[in-house]
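Trainee: Next come a sequence and a model predicted from it.
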Amino acid sequence: MTSYPPIIDKTPFENVIIAVWYDIDVADSMQVQHYFTKDAKIWFGTRLVEGRETIHDGYQQRIARGPRLSRHVISNVFVIRADENSAETLCCVRLYAGNGTAPLPNPEPISVADQYDKFVRDENGNWLIAERRLSNLFFHPDTVFSEPPSK
């Protein structure tokens, strides 16, 4: 009989992943930083954004540039590893985005990326993202990403 590694419940991690993208896509991006540790690191390809304050400030700067419509569609969330206080996940992110307001004319995703997240538990037992790496697998050649700037 073949033995397979155990499948770990993705629910708590998937909830955090979805909450981050919901705040960016639908809400006002005012809560994004609270899902990350104080010293969190986010890699957009090779560009690093570091720290909870920088994450918050970056999304506020994005909002200040004017209307932008985005939807980050998450699928295939898988827990690669987990213990009592840390975990690593991988999921697929399809991004539909453009400057302006709905409806926008682009029906295709501007990118498809792997998203690797490293989670840690805070002192209250909440899962927070300590590290995120977004790695584009496919993207439209005319894509202009609207990422938070590095400090």
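Mentor: That came through, no problem.
Trainee: low pLDDT regions in this protein?
Mentor: 1, 144-151 (pLDDT under 70).
Trainee: So which other helices or strands are in contact with the lengthiest helix in the chain?
Mentor: In the chain, with assignment by DSSP state H, the single longest helix is helix 11-25. With contacts taken as 3 or more C-beta pairs under 8 Å, 6 or more residues apart in numbering; DSSP states H and E, helix 11-25 sits against strand 68-82, strand 86-99, strand 111-121, strand 127-139. C-beta here means a position set from N, CA and C on the backbone, and glycine is covered the same way.
Trainee: what about dumping the CA coordinates of the longest one to CSV?
Mentor: Coordinates of each C-alpha in strand 68-82 appear next as CSV, following Å, rounded to 0.1, in the frame of the first residue of the first chain:
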residue,chain,number,x,y,z
ARG,A,68,-8.1,51.3,-10.6
LEU,A,69,-10.2,48.2,-10.9
SER,A,70,-8.7,44.9,-9.9
ARG,A,71,-9.7,41.4,-9.0
HIS,A,72,-7.2,38.8,-7.7
VAL,A,73,-8.8,35.4,-8.3
ILE,A,74,-7.3,32.8,-6.0
SER,A,75,-7.3,29.0,-6.7
ASN,A,76,-5.4,25.8,-5.9
VAL,A,77,-4.5,26.8,-2.3
PHE,A,78,-2.3,24.1,-0.9
VAL,A,79,-0.5,23.9,2.4
ILE,A,80,3.0,22.7,1.7
ARG,A,81,4.1,22.5,5.3
ALA,A,82,2.6,23.4,8.7
